[in-house]
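J.: with the sequence up front, the predicted model follows.
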Amino acid sequence: MKFGAVILVGNEVRTDNAISTSMLGRLASIASISHDNLCRYLELIKCQTIPNGVIIVSEHYSAQYCRVQNSGMPKFEPRMCVSVATQIASAIDFCHRNSIVIGSLSIENILFRVSNEQVKVKLSHFGLYYISEGNEAIKEAICLPWYLSPECVLNAEEKLSYCSDIWSFGILLIELFTGWQLAQIWSRKQVMSVLRSVVFKTKHGSCLENLLDSVEISCPAFKSSSHCLQNARFVSEKCLQIAPMDRPNSTDLLQLLDEANQQDGGHDACECPCAEASIDESIDSIKKRILGEEGLAKFGFTTKTVNEVFFLWKLCGSSVESILIRNGIIQNRPPVLAFPRLLVDDFRLYGNEKARKVNLALNVAELPLNNLLERLNSIPRDELYLSLDWIKIRGCGQGNESKASLSPPLGADSVQSLVVKERDINYQFKRMRLFRRFLSAFPYKSDLLRHECQKDIPPVYRGAVWASLLDVFPAFDDGVFHHEDFCQIDTFSEHPSDRQLQVDIPRCHQYDELMSSPMAHYRMKLLIKTLLVSRKDDDFVYWQGLDSLSAPFLILHFNDLSTAFRCLNAFIERYLHGFFLQDNSTVIRNYLAEFMRVLEFVDPELFSHLISLDFHPELFAIPWFLTCFAHVLPLHKLFHLWDSLLLADSQFPLFIGVAILIQLRPRLISVNFNEAILLFSDLPDLPIDEIVQVAKMHYGNWLVSPM
C-alpha cells in the first residue's frame, strides 16, 4: 500500500476559491467510501503553486495492468482475466449503487497485487468525475477517448452516465483478454474517427464485431489474440450495445460475469493472497505470515487503516506539494511572469494566457514512504502488539477503586500539551492502535475506553470515540451505516426555520475549508432540519447557535449524517436539555444562577467584583452555554474541550466557564463596566489545555464539597 497524488486544474471562469472549495466538499462526501476493489480517497489539498490547482491524495499501488503487459511478461490466463473483470465489475456496481458515475474507467486505472497466481484488483480515479462536478470544474478531460460511449462520441455535450461506464467496461474487457490496448493502435484523433465509423456501420445492436474488424484492419497482429476474448465475448457484446438502454446495469453485469466464470470451471481467483487471519489458522501459519510481512504490513496496517497511515505520513513533516515540485511534476515558475494584461470583475484574467497555462496529465505520482517507515522501525518491537486482557491494574482514586491502563509510562509525554502530542508520530501510533482495539471491542471495553480518553483522543478516531461516549453505536469496522430511519424523515417540506438557516449556515465556521464548501452547507441544513422535524416535543425550535453546535458532529461524520444526527441529539439531551425550547428563559436563568453560584464558590473576590460592576452573566455567558462554547471557540480548540466535556456530566460546562473567567481574571479584576463589555466582545486567544485542567480541578473540588 502506498499513496498517490493527482493534480486537477480548475477552470479560470470561476474564482479559484470557489472551484477548490467546491471540490473539497465533494471529495469529503466520498472519502469514507470503502470497497475491497477501490482505492480510497484521503485528502484534497489546495495547490499554492498552480492557480486553481488542487492535489488529490488517494490510496495507491505500484502494479498497473498496462505496465505488466508492456513489460514483456506473459499475459494473464483467461480464468485470471475473468477474476480481474469480476472484481472491476464489483467496484463499478458499488459506485453505481452509491450514485457515482466513474467516467474515468480505463486499463491504466487498474492496479493490483499478484502472488501465487492470485490477484487483488484496485480501481483508482473512480471519483474524479464526481469531484470535478461532471468534468465542468476542471480543464482536463476525465474520460479518455478510447473508452467514450457512442452517445458521447456523437454529442460532445452529452453527460457521462452509468451506461457510459458499462460501455467503457466492454472496451476494457477487449483490452484485458487480448492484451492489446486501443491506445497502442489509434491516436486520440484517429479513435474518434474510428468510433464514429463503427457507430454508423452498426446502427443498432452490438458494436463489437465492427469494432474488432476495425482493430484488425489497423493492426493485423491483433488477429492472433482475438480468440482470447472468447470467454468474455458474450459479456462484451452486451456492454457494447449502441443504445444505452440496451446495455446491462452493473448488477446484471456481475451476474453475466459469474455465468462466464462458471462456464470456465468456476475457479475463484479473486481472493487476496494476504488474506486476513481466521480463528482456524494454525500457530505455524500465523508465525509464517507475521515473519513474511514487509513494509507497512508488519506494523499492523491494512487497507482498513489507510487513514491511520496517511495521518502518520503527514506527521513526518512531508508536504505533498513540495514533493511534487522537487520531482519536477509541478513546475515552479516566478509569479511575475504570469501576470495578466487585464483583470476584470470577479478575478477574470485576460492576456498572457500562455504563461499561465498548465498542462498536466492525469497521472498518479507516488509519494515516498521512507521517512514514515524509518520512524516506525524505531519503535520497540514489544510495543507493536498488545492484548486488552493483559492489563496492568494500578490503584488510584478514592477507596478501593482501581483504574486499568494499557499505556506504558509515557515520561515527558504526560506533561506535553495536546497540540504537541498530536504531532508526535510515535505517540499517535501507539494511541491509534490502542483506540482501534477499544472501538473494535466496544461496548465490552467501554470502561477502559473512557479511562484512556481522560488522557487524550487520537484525532483519527475522534468521531467514533465521541459516538461511543454518547452511547451511539456506529458501525466502526466496515463503514456500512444503517440510516433508513434517518432517510425517511421529511426534510424537503418548508419549515419555519428555513429562512434563518439560509442566513446562519453560510456564516458558520467559514474559516474551516470544509465548512465553507457548498456540500457542507447542504448537509448542515439537512442535519439541522432533521433534528427539528424529528423531535417529538413541539416546543423544540431553532435558536441561533444550533448551527455552531452541529458543526463538530458534521465534520466528524460528514458521510454519515445519521450518526451525526444521533450524536447531536444525544449531546443536546445530556448537556443542553431545555435550552432549545420556544420559551427557554427559565432554563437559562436557572443555569446562569448556578454558574454564578459556582463562581462564588471558586473565586469569591472575582464574583464580588462582577456584582459590584452590575456585570451579570446574561451579558456574556448565554452564547457560551447555549452552544457549549462552539460559538466562541475555533474548531481545533473546541475538539480538545469537548474531549473532556464528554467524560463529565451536564455541570461541567459551568466549570469551563468559570475557568475562562479565571484565565481572564488579571484583566477583569481591574476593569470597569465598559471595559468588561469590550473584553468579552473580543475574547483573547485562550489556552484550552490550561482551562480544561483548571475546570477539572474545581469540578473535582465541587463534587467532594458538602455544598
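T.: Good, I have the coordinates.

J.: tell me which helix or strand of this structure sits lowest on mean pLDDT?
T.: Across the helices and strands of the chain, mean confidence by mean pLDDT, DSSP states H and E is lowest for strand 392-395: a mean of 42.

J.: quickly list the domain ranges of the protein.
T.: Taking automatic domain parsing as the domain assignment, the ranges for the chain are 1-60+301-378, 64-263, 389-469, 492-575, 585-704.

J.: the nearest residue to L360 once chain neighbours are set aside - how many residues pack around it?
T.: Nearest residue to L360 in three dimensions, chain neighbours excluded: I7, at 5.0 Å (CB to CB, 6 or more residues apart in numbering). The C-beta positions use only the backbone N, C-alpha and C, and glycine is treated the same way. By other CB atoms under 10 Å, the residues close to I7 number 26.

J.: next one: F558
T.: Neighbour count for F558, taken as other CB under 10 Å: 19.

J.: please name the nearest non-neighbouring residue to it.
T.: F558's closest residue in space is A28 (CB to CB, 6+ apart), at 5.2 Å.

J.: would you check that that neighbour makes contact with M519?
T.: Yes. A28 lies in contact with M519 (CB atoms under 8 Å); the separation is 6.8 Å.

J.: among the domains of the chain, which is nearest I283?
T.: Across the domains of the chain, I283 has its closest neighbour in domain 389-469 (18.1 Å, CB to CB).

J.: quick one: classify the residue nearest to F558 as helix, strand or coil.
T.: Following DSSP: H, G, I helix; E, B strand; the rest coil, A28 is assigned to helix.

J.: who are the contact partners of it?
T.: With contact set as CB atoms under 8 Å, 6 or more residues apart in numbering, A28 has these partners: L44, L514, S517, M519, A520, F558, N559.

J.: okay if I get those as a markdown table plus secondary structure, pLDDT and distance to R431?
T.: Converted to a markdown table, the contacts of A28 look like this (DSSP: H, G, I helix; E, B strand; the rest coil; pLDDT from 0 to 100; distance: CB to CB, whole Å):
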| residue | secondary structure | pLDDT | distance to R431 |
| --- | --- | --- | --- |
| L44 | strand | 93 | 26 |
| L514 | coil | 93 | 24 |
| S517 | coil | 92 | 29 |
| M519 | helix | 93 | 30 |
| A520 | helix | 94 | 28 |
| F558 | coil | 93 | 23 |
| N559 | coil | 89 | 24 |
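
J.: which among those residues gets closest to A593?
T.: Taking CB to CB as the measure, A520 is the one of the contacts of A28 closest to A593, at 37.1 Å.

J.: avg pLDDT for the one helix or strand G25 maps to?
T.: Using DSSP states H and E, G25 sits within helix 16-30. The average pLDDT for helix 16-30 rounds to 84.

J.: ditto for stretch 699-707
T.: The model assigns stretch 699-707 a mean pLDDT of 78.

J.: quick one: buried residues of that stretch?
T.: Y699, W702 (16 or more other CB atoms under 10 Å).

J.: you'd agree the residue nearest to L360 is in a strand?
T.: Yes. The assignment for I7 (three-state DSSP) places it in a strand.

J.: look at it and report its pLDDT.
T.: Confidence score, pLDDT, at I7: 90.

J.: OK, contacts around it?
T.: Shown in contact with I7 (CB under 8 Å, 6+ apart): C47, I50, G53, V54, I55, I56, L324, I329, I330, L360.

J.: strands along this structure, start to end?
T.: Listed in chain order, the strands of the chain (DSSP state E) span 2-9, 41-46, 53-60, 110-115, 118-123, 342-344, 348-350, 365-367, 392-395, 402-405.

J.: turn the ones you listed into JSON lines, including distance to L668.
T.: Below are these laid out as JSON lines (distance: least, CB to CB, whole Å):
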{"stretch": "strand 2-9", "distance to L668": "49"}
{"stretch": "strand 41-46", "distance to L668": "40"}
{"stretch": "strand 53-60", "distance to L668": "46"}
{"stretch": "strand 110-115", "distance to L668": "60"}
{"stretch": "strand 118-123", "distance to L668": "59"}
{"stretch": "strand 342-344", "distance to L668": "48"}
{"stretch": "strand 348-350", "distance to L668": "50"}
{"stretch": "strand 365-367", "distance to L668": "50"}
{"stretch": "strand 392-395", "distance to L668": "40"}
{"stretch": "strand 402-405", "distance to L668": "37"}
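
J.: right, and those - which one's nearest L253?
T.: That would be strand 118-123 among these, by CB to CB, at 14.2 Å.

J.: if we can go back for a sec, the domains of the chain into TSV, with extra columns for distance to F486?
T.: Below are those laid out as TSV (distance: least, CB to CB, whole Å):
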stretch	distance to F486
domain 1-60+301-378	16
domain 64-263	16
domain 389-469	14
domain 492-575	4
domain 585-704	22
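
J.: and S282, which of those domains is closest to it?
T.: Ranking these by distance to S282, with CB to CB as the measure, places domain 64-263 first at 18.4 Å.

J.: mean confidence (pLDDT) on the closest one, please.
T.: Averaging pLDDT along domain 64-263 yields 85.

J.: picking that back up, nearest to I102, of the strands of the chain?
T.: That would be, of those and by CB to CB, strand 118-123, which comes in at 7.9 Å.

J.: on that earlier part again, buried ones in the helix holding G25?
T.: Here helix 16-30 shows 16, 18-30 as buried, counting by 16+ other CB under 10 Å.

J.: the inter-axis angle of that helix versus strand 53-60?
T.: Angle of helix 16-30 versus strand 53-60, following axes from the mean of the first three to the mean of the last three CA atoms, to 10 degrees, is 20 degrees.

J.: doesn't V57 make contact with L367?
T.: Yes. With contact defined as CB under 8 Å, L367 reaches V57; the gap is 7.3 Å.

J.: neighbour-wise, which of the two wins?
T.: V57 (22 against 19).

J.: could you measure from that one over to L38?
T.: According to CB to CB, to the nearest Å, V57 and L38 sit 15 Å apart.

J.: also R437?
T.: Counting by CB to CB, the separation of R437 from L38 is 26 Å.

J.: look at these two and report which has more neighbours.
T.: Between R437 and L38, counting by other CB under 10 Å, L38 is the more crowded of the two (25 against 17).

J.: residues contacting the more buried one?
T.: For L38, the contact set (CB under 8 Å, 6+ apart) comprises A91, F94, C95, K122, L123, F126.

J.: likewise for T251?
T.: T251 is in contact with D93, counting by CB under 8 Å, 6+ apart.

J.: make 542 the starting number, not 1.
T.: New numbering, starting at 542: the last item is T792.

J.: picking up where we left off before, which one (most neighbours) among the contacts of A569?
T.: A1061 (26 neighbours).

J.: tell me who's in contact with it.
T.: G566, A569, L1055, L1095, F1099.

J.: sorry, back to before: which one of the strands of the chain lies closest to W727?
T.: Set against W727 and scored by CB to CB, the strands of the chain come closest in strand 651-656, at 20.1 Å.

J.: if we can go back for a sec, now tabulate the contacts of L579 in a markdown table and tack on distance to P875.
T.: Putting the contacts of L579 into a markdown table (distance: CB to CB, whole Å) gives the following:
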| residue | distance to P875 |
| --- | --- |
| A632 | 43 |
| F635 | 45 |
| C636 | 42 |
| K663 | 39 |
| L664 | 39 |
| F667 | 37 |
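
J.: among those, which one lies nearest to L1067?
T.: C636 (22.3 Å).

J.: the strands of the chain: which one's closest to D1088?
T.: strand 582-587 (23.7 Å).

J.: that closest one vs strand 594-601, what angle?
T.: Using the same axes, to 10 degrees: strand 582-587 against strand 594-601 is 160 degrees.

J.: ok now strand 582-587, how far from the chain's centre?
T.: Taking the mean of its C-alpha atoms, strand 582-587 sits 9 Å from the chain's own mean (CA atoms, centre = their mean, to the nearest Å).
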